[in-house]
Structures are given as C-alpha cells and as structure tokens.
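*Asks:* compute the structure for the input listed below.
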Amino acid sequence: MARKAGLQAFTVQEATNYEAFTSWNYEELDMSAAATSTYILSSDPAKKVVLYLSPAASDALDATDTLTFTIYGETHAHKNIVIDPGDLPFTLSGLSITALIVTPGGATAGEELACLSFH
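*Replies:* Numbers count the residues shown, from 1 in each chain. You can find the predicted model right below:
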C-alpha cells in the first residue's frame, strides 16, 4: 500500500485540527551565520512558520543574499528551500516542521530574520 504524505496522511478530523494552533513563538535569527530555531523541535513541531525581516534589524538583507531553509522530515533527510530576500515574508505550512535551520548566503552582521512559528 502506498504511504500517504501531507494532509492526506491524516483522518478527516486530524486534518481539520491541523489548522488549529495551541501555541505560537517568536524569535529573531541572527543572519551573520547559520541559525537554528530554538522553538521548533521534534517534540513540538510547528504547523506553520512565517519568516520575515526583523523590525529590530540594523541592516536590510541584500538583494544578492540567498536564504536556505533546511526542514527535517520523518526520515530526517534534508529538505532544502532556497529563497531570495525579495520573497519575504515567506510562509511554510501544510507539513509538520520538526526543525528549522536558516543558512544565509553572504549575509552580514546586523541582518536579522524574524521567525513566527505556530504549533
């Protein structure tokens, strides 16, 4: 039997409840080096994540910067999403996000990314 993925893997009630959030967290990720979300864990996966330029950032992301988001799945194989700063704000939803690692490409000190996660 084929293994279902995404919302199809849930019963109707579970899929309906997947849009219901019990908590949320906000954190700012320093883009001078790779940053890992401290709130998105395998024990408390996020159902939705919104990434945007931090209001407290002293420097905006450059147009030449690229951001690579690594999402761990059930198999712990890396799933990479590469976006440019023009795509911000960026929303990830529809899957259980058990870890989030943001790796900047050429970012400098003062550049910060805000992460809003819904659990």
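
*Asks:* could you check how far the residue nearest to Glu111 when sequence neighbours are not counted is from Val50?
*Replies:* The shortest distance from Glu111 to any non-neighbouring residue, by C-beta to C-beta, 6 or more residues apart in numbering, is to Met31 (4.0 Å). Every C-beta, even on glycine, is put in place using the N, C-alpha and C of the backbone. The gap separating Met31 from Val50 is 16 Å, by C-beta to C-beta, to the nearest Å.

*Asks:* related to what we said a few turns ago, how many neighbours does the residue nearest to Glu111 have?
*Replies:* Number of residues near Met31 (other C-beta atoms under 10 Å) recorded here: 26.

*Asks:* go ahead and confirm it touches Pro104.
*Replies:* Yes. Assessed by C-beta atoms under 8 Å, Met31 is found in contact with Pro104 at 4.4 Å.

*Asks:* which parts of this protein are helices?
*Replies:* 12-17 (DSSP state H).

*Asks:* sorry, back to before: quick one, phi psi at the residue nearest to Glu111?
*Replies:* The phi/psi pair for Met31 (degrees, to the nearest 10) reads phi -90, psi 10.

*Asks:* got it, and Pro45?
*Replies:* Pro45 has phi and psi values of phi -70, psi 150 when expressed as degrees, to the nearest 10.
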